[in-house]
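**Q** I'll drop the sequence and a predicted model, then ask my questions.
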Amino acid sequence: MVQKELTVGDFTERTDPLQLFGEWMADAEKAETNDPNALALATVDESGMPDVRMVLLKDFDADGFVFYTNFGSAKGREILATGKASMCFHWKSLRRQVRLRGTTSVVSEAEADAYFDSRPRGSRIGAWASKQSQPLESRFALEKRVAEYTAKYAIGHVPRPEWWSGFRLKPSYFEFWHDRPFRLHDRVVFTPTNDGGWETTRLYP
Ligand SMILES: Cc1cc2nc3c(=O)[nH]c(=O)nc-3n(C[C@H](O)[C@H](O)[C@H](O)COP(=O)(O)O)c2cc1C
């Protein structure tokens, strides 16, 4: 089994959460059957009611964690209104979880264009055809819109819709969790310090 080769080590003494995240993501890429970059993205609506759904992480570095979506969707509207979100990765085969909380920004036009252009043509057409999270009368209505945009962009470049882009979450909180016997799991929180480093705190499981 792959997971036996991927030892978690003593992550409770680590000082750089970004580097640790990168190592865990690399392990997940080896261990998970599909979508190791899938995460649950939590937002709140204008009444404070929480909302959660899966998205795919497309980039991460010291500037933050990036995913792409339709800005007219529920998540898009909620993030644009609050400027905040939370992410949760769960790698089942590794029995590990990472939680992030932070503020959000919109990626640059150039960054969004570059990612959009890297997607398969069908996905780019799909982005135009889908009014994500709005009521859809029938499957046929969606297929009709796909046919319309396929015809519209039959030749040449498919541009990025202005309402389709990426958000970058800058974490002000990381929590790493690893399963241990008898539910006595390891949990470590990283929060930023004023000098640009990270303070670590262990939590009871
Ligand atoms: C594994 C997985 C990955 C997904 N990745 C994305 C994504 O990267 N971007 C996106 O907009 N929706 C993605 N979705 C669909 C969302 O979960 C959701 O259905 C959609 O974005 C509408 O959410 P909203 O109405 O809360 O905005 C994904 C779904 C799954 C199951």
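**A** Received the coordinates, thanks.

**Q** I'd guess Gly196 is in a helix, am I close?
**A** No: membership of Gly196 in a helix is not supported by DSSP: H, G, I helix; E, B strand; the rest coil, which gives coil.

**Q** roughly how far apart are it and the ligand?
**A** Taken as CB to the nearest ligand atom, to the nearest Å, the spacing of Gly196 relative to the ligand amounts to 30 Å. C-beta: built from backbone N, CA, C; applies to glycine.

**Q** And for Arg180?
**A** Counting by CB to the nearest ligand atom, the separation of Arg180 from the ligand is 27 Å.

**Q** Count the residues that sit near the closest residue in space to that residue that isn't next to it in sequence.
**A** Closest residue in space to Arg180, ignoring its immediate chain neighbours: Asp186 at 5.8 Å, by CB to CB, 6 or more residues apart in numbering. Applying other CB atoms under 10 Å, we find 17 other residues in the vicinity of Asp186.

**Q** where in the chain is pLDDT low?
**A** Under the criterion pLDDT under 70, the flagged ranges of the chain are 1-7.

**Q** Angles on the backbone of the residue positioned nearest the centre of it, please.
**A** With distances taken as CA atoms, centre = their mean, the chain has Leu57 as the residue nearest its mean C-alpha position (3.8 Å). Dihedral pair for Leu57: phi -70, psi 130, per degrees, to the nearest 10.

**Q** what's the nearest residue to it if we skip its chain neighbours?
**A** Ranked by CB to CB, 6+ apart and with sequence neighbours excluded, the top spatial neighbour of Leu57 is Asn37, at 4.2 Å.

**Q** The one you found reaches Ala26, doesn't it?
**A** No: counting by CB atoms under 8 Å, Asn37 sits too far from Ala26 to count as a contact (11.4 Å).

**Q** Quick one: the strands in the chain, in order.
**A** Chain-ordered strands for the chain, with DSSP state E as the definition, fall at 38-44, 50-56, 59-61, 64-70, 84-91, 96-106, 164-178, 186-192, 198-202.

**Q** Most tightly packed of those strands?
**A** When neighbours are counted by mean count of other CB atoms under 10 Å, the highest per-stretch mean among the strands of the chain falls to strand 64-70, a mean of 21.

**Q** one step back: tell me how far the residue nearest to Leu57 lies from the ligand.
**A** From Asn37 over to the ligand the distance is 9 Å, taken as CB to the nearest ligand atom.

**Q** The residue nearest to Asp63 when sequence neighbours are not counted bridge partners, please.
**A** Residue nearest to Asp63 in three dimensions, not counting chain neighbours: Arg168, with 6.4 Å by CB to CB, 6+ apart. For Arg168, the beta-bridge assignment (DSSP bridges) gives partners Val66, Ser105.

**Q** What residues does Arg168 make contact with?
**A** Contacts of Arg168 were listed using CB atoms under 8 Å, 6 or more residues apart in numbering, and they are 63-66, 104-107.
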